[in-house]
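**Student:** Fold the following and give me the result.
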Amino acid sequence: MDFIPVLEREGSICELDFYVLETICADIKKWQDMGIDPVRVSTNFSKMHLHNKALAERIVSVINKYGIDSRFIEIELTEMTGYEDYDALAAFVAEMKAYGIHTSIDDFGTGYSSLNLLKELDVDIIKLDRSFFNNIAVNDDENSHDRIVIKNIVNMVKELNMEVIAEGIETCGQVEFLKDIRCCMVQGYLYDRPLPQEQFLDRLMGHRIYV
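**Tutor:** Residues are numbered from 1 along each chain as shown. This is a model prediction of the structure:
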């Protein structure tokens, strides 16, 4: 929240995003060369890229440069930044799908047009913002507003044939609630914190809970 807006204002966020994508593709290639089965890795892309008509082609060229399968890459777009050009965003998502590359909406529910995003964009994954779960505890009233809203969003996303991931999960009470409403994927400190690459590699080589 401190430095990303600065990078967006002065324009270097786009090159940073591609630096991260290039690093991810190189890592996946290295894992495969080591005989390790990779997992799908998501990388954030700023809305600033939507001004680039050749965005999809540039992403594909990076993936092809390393000779990895496009199914291992997910392009993550953050809802809270806002999107003024839905047509450009929808066209980009469609191009990614044509290339077999997953797309996701991060921090879903923090913007002002969440339902429009669901209705108009054919993304693969919706990531529910952690703020939805701040008030979820083991003994909550099952008819609380928080629970009702989350349950219906999860049902709606699944009926639209999208995956749904709950972000920022830190307690067993939150997990039990998500199991009850059949939200099958979560991420958060309850399971892991950000890791150095060496420790993440240990996860890939052994027992893991990543998909």
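**Student:** lowest-confidence helix or strand of the protein?
**Tutor:** When the helices and strands of the chain are compared on mean pLDDT, DSSP states H and E, helix 114-120 comes out lowest with a mean of 77.
**Student:** With only the CA atoms kept, save that one in PDB.
**Tutor:** Extracted in PDB, the C-alpha atoms of helix 114-120 (Å, rounded to 0.1, in the frame of the first residue of the first chain):
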ATOM      1  CA  SER A 114     -17.600  -6.200  -7.500                       C
ATOM      2  CA  LEU A 115     -20.900  -7.500  -9.000                       C
ATOM      3  CA  ASN A 116     -20.000  -6.000 -12.400                       C
ATOM      4  CA  LEU A 117     -16.700  -7.800 -12.300                       C
ATOM      5  CA  LEU A 118     -18.500 -11.100 -11.700                       C
ATOM      6  CA  LYS A 119     -21.100 -10.500 -14.300                       C
ATOM      7  CA  GLU A 120     -18.800  -9.200 -17.100                       C
END
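**Student:** after it comes which helix or strand?
**Tutor:** Following helix 114-120 in sequence order, the next helix or strand is strand 125-128 (DSSP states H and E).
**Student:** Would you pull up how far that next one lies from the middle of the chain?
**Tutor:** 6 Å (CA atoms, centre = their mean, to the nearest Å).
**Student:** Partner strands of it, with direction?
**Tutor:** Using DSSP bridges, the strands paired with strand 125-128 are strand 102-108 (parallel), strand 163-166 (parallel).
**Student:** Can you tell me what sits against the last one?
**Tutor:** With CB atoms under 8 Å, 6 or more residues apart in numbering as the test, strand 163-166 has contacts from 104, 124-128, 132-133, 153-154, 157-158, 174, 178, 183, 185-188. All C-beta spots, glycine's among them, are computed from the backbone N, C-alpha and C.
**Student:** hmm, try it at 7 Å
**Tutor:** The contact list for strand 163-166 (CB atoms under 7 Å, 6 or more residues apart in numbering) reads 124-128, 133, 154, 157-158, 178, 183, 185-187.
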